[in-house]
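**Student:** Mind looking at a prediction? Sequence and model below.
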Amino acid sequence: MHAAPRGHSLREKGRSSPLPSYSNTLHEKHFLRSRPSQWTTTYHLQLPWSPRGVPRRIKVVLPLPLNMYSSAVERFGRSRAFAIFLGTFVAIIWAILTTRKRFGTPQNPWDAGYPGDPPTLVFAREDLQRVWEWEIASGHYPSSRKIPEMINLAVPPLNPAIARTQQPILPARFRPPSSILSSTVGAGPKRTYLDIQSAPPVVAYPPRPVPGSVADLDIIMDHCDFSKNKYVRDCLEVLRLGAGLDNGKRLRRGKMDNWKYNYMEEDRRLDQYPPITIPQPKGPYNARLQDDADTGLEFRKREAIEPHLRLPPPRTYRPYVESSDPCDPDYPRVFHMFWTGPFTDKPYLALLSFLFTQNLGLHLLPDTPSPTVCRPQVWLWINPGPAAAVPNPTALRDMFDSLKDNSWSAPFLHPRFKDVIKFKLWNTTDQLDGIPEIKDEWRSFNIFNSGGHVINVPKNQDTKMSQSEADLSSDASVNGTEPPEPSATNLPIEKEDDMFGRTGSTSSSSYDRLSVILSDMARFILCHRFGGTYLDADTIFLRDWEELWGWKGAFAYRWSRLEKYNTAVLRMNKNSALGTFLFRTALRNELDFHPMTISRYTKDAYLEGLLLRLPDALFDSAWLNTEYYQRDRPPFPYFTDFADFFDTPSMSNAAPQALGIEGFFRGAFSYHFHNFWWKPFDSSRNWPDLGERFIQGERAARKALREAALNATREAASGSFSMETETPVTRREIDDDEDSVWEDRIEDDKPDLDWATVLKRTFESYIRGERPNMYGEWIVW
């Protein structure tokens, strides 16, 4: 035999044709039946034994890209490469099973309710059922929305806040054993939906909401829910027409029953119907949950389940028509706000908008009784120093002295407003000790926790403010000048941007983060202790909230496009079961009250229905547009950035003066301008312009602005920006130029007024007595 020439073997021989070639038909058939995949590798493993001496192999398909396997074979050899990959695959399977065994018990499931976020639930299903039953029995669920199936109620609860159910509940013997109860049984008074319109001859202003009326938030959700692709523009129209805010300018024709969302409840004492009886279950309603009472719930890792909640008896639901007093002490009509540092134009405008829109009786003589109207109040809680500092013993007196000396706050101390605006001192320790659910345990935690980001405050920061810094805070006369930032005793501020010494945000770069975190917790404390509704101080009232007060449930609003809460508006009932659940859950989650974390608490516990997530169109109508949503049909005004409120773009800044407040998100209950604490509402007239009655504060503010302007001019002329070398302008120099200080010339005003300026001047003209409020009522002093 002759050996084949070197370099001419069949394996090494080059081929010019791209077509496949096979030595015989058997090889071709085998290739066609087992054509390889680029994502898998086929390996034929020879068995150690073989019957009748014939070698046998088994085919093993590995989830391994073919090119990766080929590279490994070239480097390690065929057998070694297969062993490496097979061992790696077995190790991965073992790790998954081990992890599942460790964390996958029914009491502590492995899968997280939110991607990337651990579960937060610390209560068993029985306690979640009790929370639902307590809130429903108290009338805090005036809705026909379904109860989550995971709550697994055994008995359909009576709901006194919705009208009597027309269709009776099927008895247990007619229901399949696996059915899940997800509805309540209406047992409340009949509802009469209102057609609210201005009536001639008074059509220039909209009518006030009917005292005791209630907003059907189910209807509002049907027209406004972003999750159902509803537009803010359409939502505002429904809100506007349903409340009669079009006042004689209605252009829609036809039947509008589906847009009526305000109703009155009838007197149940006149009801002729027999009482409703609830059928008792004969067996379990959900066979899927029989074996384990908590199956399907995802609990916080390595945490014991909380003991059973201690809840008081449910409240007795009383419709407005059945109450002898329009103000129900269980549901106080209080708006809470929280403020840190010197009073500025931001809470000033919030309070002015409150006076302009709410039914306060300011059009009546002082002390005139209103037997059918419950007058709301604003409680403005003031934290006198840095968020981490403890107030000194004279803090309350210092607070009122500072308010009196402050041009922005002094007008609200007038006796005319004493029954509707209350200033209150915030003390973190006293407030936390006032929450029975956490008063014995909160000191073990860092209260500055925001979304899991904990800020550790130096130990010497948690001390009382010195008397000197309290004096500095008191002596601050606002308007154009910023007082020295106070610091805690033994902790001097070395830099202007010291996070622990800030009292308010003076710019985007010196944001008072600690006060923001503290306010996240403060809103839940205030609502749980006192009841009412919390509003951020960067909120402007746009209409009467009467019908929202009539709705007895709890709510916040949607975080723009996300199915999360924004608690810039937060309604909760005093000492409610929901509040107890939230505080105990927050305690077991390191006292985190960030709105995103609150969203996890309610979602993990299937309690989102008890803290209704209202559409942001009601309180934050520009938000979706600023995030590039619904720009094809935006509401009016059209803001692409929150800064447009303060600096309205030139292409659209003719609208504010032409339309006035009537053209500003008409129908929304309020507007949230998202911070911008450092930007004035009215740069041309950055002082409280309230007329002769409050002229002293205006003069002090304008002189302060004049002094700052002259000092800035002198500093620029000298070419020096050092505060140590300049000679400040004295009060005598300013007083000598009295005429120029008080001279108002239209030429000095901006040619185009921004929306912020128009709203400020509108509210101020009402206080000056130059125009009525939103509802055509003139203030009476």
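**Tutor:** Thanks, I have it.
**Student:** Is it correct that residue 645 is in contact with residue 758?
**Tutor:** No. The criterion here is CB atoms under 8 Å, and residue 645 misses it with residue 758 at 10.4 Å. The way it works is simple: take the backbone N, C-alpha and C, and place the C-beta from them, glycine included.
**Student:** which ones are touching residue 321?
**Tutor:** Counting by CB atoms under 8 Å, 6 or more residues apart in numbering, residue 321 makes contact with 189, 212, 264, 265, 266, 267.
**Student:** 7 Å instead?
**Tutor:** When contacts are counted by CB atoms under 7 Å, 6 or more residues apart in numbering, residue 321 touches 212, 265, 266, 267.
**Student:** neighbours around the first one, how many?
**Tutor:** Think residue 212. Neighbour count of residue 212, defined by other CB atoms under 10 Å: 19.
**Student:** mind checking which helix or strand the closest residue to residue 236 other than its chain neighbours is in?
**Tutor:** Excluding the flanking residues, the one nearest residue 236 by CB to CB, 6 or more residues apart in numbering is residue 667, at 3.9 Å. Under DSSP states H and E, no helix or strand contains residue 667.
**Student:** Let's see stretch 312-326 as PDB, backbone CA atoms only.
**Tutor:** Extracted in PDB, the C-alpha atoms of stretch 312-326 (Å, rounded to 0.1, in the frame of the first residue of the first chain):
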ATOM      1  CA  PRO A 312     -60.800  50.500  68.300                       C
ATOM      2  CA  PRO A 313     -64.400  49.800  67.400                       C
ATOM      3  CA  PRO A 314     -65.300  51.100  63.900                       C
ATOM      4  CA  ARG A 315     -66.800  54.600  63.700                       C
ATOM      5  CA  THR A 316     -70.500  55.100  63.200                       C
ATOM      6  CA  TYR A 317     -71.100  56.500  59.700                       C
ATOM      7  CA  ARG A 318     -73.300  59.600  59.700                       C
ATOM      8  CA  PRO A 319     -74.300  61.300  56.500                       C
ATOM      9  CA  TYR A 320     -74.200  65.100  56.500                       C
ATOM     10  CA  VAL A 321     -78.100  65.400  56.600                       C
ATOM     11  CA  GLU A 322     -78.200  63.300  59.800                       C
ATOM     12  CA  SER A 323     -75.700  65.400  61.700                       C
ATOM     13  CA  SER A 324     -76.700  68.200  64.000                       C
ATOM     14  CA  ASP A 325     -73.400  70.000  63.600                       C
ATOM     15  CA  PRO A 326     -71.900  70.500  60.100                       C
END
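**Student:** tell me the average confidence for it?
**Tutor:** For stretch 312-326, mean pLDDT is 93.
**Student:** Just the buried residues of it, please?
**Tutor:** Residues 314, 315, 317, 318, 319, 320 are the ones in stretch 312-326 that count as buried (16 or more other CB atoms under 10 Å).
**Student:** before we move on, the earlier item: so who does the residue nearest to residue 236 touch?
**Tutor:** By CB under 7 Å, 6+ apart, the neighbours of residue 667 are 236, 237, 239, 240, 245.
**Student:** Need the per-residue pLDDT for it.
**Tutor:** Looking at residue 667, its pLDDT reads 97.
**Student:** Same question for residue 512.
**Tutor:** The model's pLDDT for residue 512 equals 74.
**Student:** again, but for the one 10 residues further on
**Tutor:** The score at residue 522 is 96. That number is its pLDDT.
**Student:** now it, what's its secondary structure?
**Tutor:** Assigned by DSSP: H, G, I helix; E, B strand; the rest coil, the conformation of residue 522 is helix.
**Student:** follow-up on the earlier one: can you list the buried residues of stretch 312-326 in CSV and add distance to residue 328 and secondary structure?
**Tutor:** Listed next are the buried residues of stretch 312-326 as CSV, based on distance: CB to CB, whole Å; DSSP: H, G, I helix; E, B strand; the rest coil:
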residue, distance to residue 328, secondary structure
314, 15, coil
315, 10, coil
317, 10, coil
318, 7, coil
319, 10, coil
320, 8, helix
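**Student:** Of the residues you listed, which is the nearest to residue 595?
**Tutor:** Nearest to residue 595 out of those is residue 315 (CB to CB; 26.7 Å).
**Student:** Spatially, what comes nearest to that closest one if we skip its sequence neighbours?
**Tutor:** Nearest non-adjacent residue to residue 315, counting by CB to CB, 6+ apart: residue 138, 4.2 Å away.
**Student:** State the distance from residue 193 to residue 265.
**Tutor:** To residue 265, residue 193 is 11 Å away according to CB to CB, to the nearest Å.
**Student:** Which one's more surrounded, these two?
**Tutor:** Counted by other CB under 10 Å, residue 193 and residue 265 do not tie: residue 265 has more neighbours, with 23 against 16.
**Student:** for the stretch 101-250 of the chain, which spans come out with low pLDDT?
**Tutor:** Along the stretch 101-250 of the chain, the model assigns pLDDT under 70 to residues 101-116, 166-181.
**Student:** ranges for the helices of the stretch 451-600 of the chain?
**Tutor:** 467-474, 513-530, 546-550, 577-588, 595-604 (DSSP state H, counting those that start in this stretch).
**Student:** now for these, which one comes closest to residue 185?
**Tutor:** For the helices of the stretch 451-600 of the chain, proximity to residue 185 was assessed by CB to CB; helix 577-588 is nearest, at 19.3 Å.
**Student:** you'd agree residue 243 is up against residue 198?
**Tutor:** No. Using CB atoms under 7 Å, residue 243 is not in contact with residue 198; the gap is 11.1 Å.
**Student:** Compare these two and say which is more crowded by neighbours.
**Tutor:** residue 243 (28 against 19).
**Student:** Find the nearest non-adjacent residue to that one, please.
**Tutor:** Nearest to residue 243 is residue 196, by CB to CB, 6+ apart, at 5.9 Å.
**Student:** How about residue 577?
**Tutor:** Once flanking residues are discounted, residue 577 sits nearest to residue 134: 3.9 Å by CB to CB, 6+ apart.
**Student:** Double-check that the one you found belongs to a helix.
**Tutor:** Yes. Counting by three-state DSSP, residue 134 is located in a helix.
**Student:** how close does it get to residue 697?
**Tutor:** Distance of residue 134 to residue 697, computed by CB to CB: 48 Å.
**Student:** residue closest to the middle of the protein?
**Tutor:** residue 566 (1.1 Å; CA atoms, centre = their mean).
**Student:** For it, give me its contacts.
**Tutor:** Contacts here follow CB under 7 Å, 6+ apart; on that basis residue 566 touches 556, 557, 558, 559, 595.
**Student:** could you redo the last one with a cut-off of 6 Å?
**Tutor:** Counting by CB atoms under 6 Å, 6 or more residues apart in numbering, residue 566 touches 557, 559, 595.
**Student:** ok, now residue 241?
**Tutor:** With contacts defined as CB under 6 Å, 6+ apart, the neighbours of residue 241 are residue 259.
**Student:** Among the contacts of residue 667, name the buried ones.
**Tutor:** Buried among the contacts of residue 667 by 16+ other CB under 10 Å: 236, 237, 239, 240, 245.
**Student:** Any chance of a markdown table for the residues you listed, columns distance to residue 514?
**Tutor:** As requested, these are exported to a markdown table (distance: CB to CB, whole Å):
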| residue | distance to residue 514 |
| --- | --- |
| 236 | 36 |
| 237 | 41 |
| 239 | 36 |
| 240 | 40 |
| 245 | 40 |
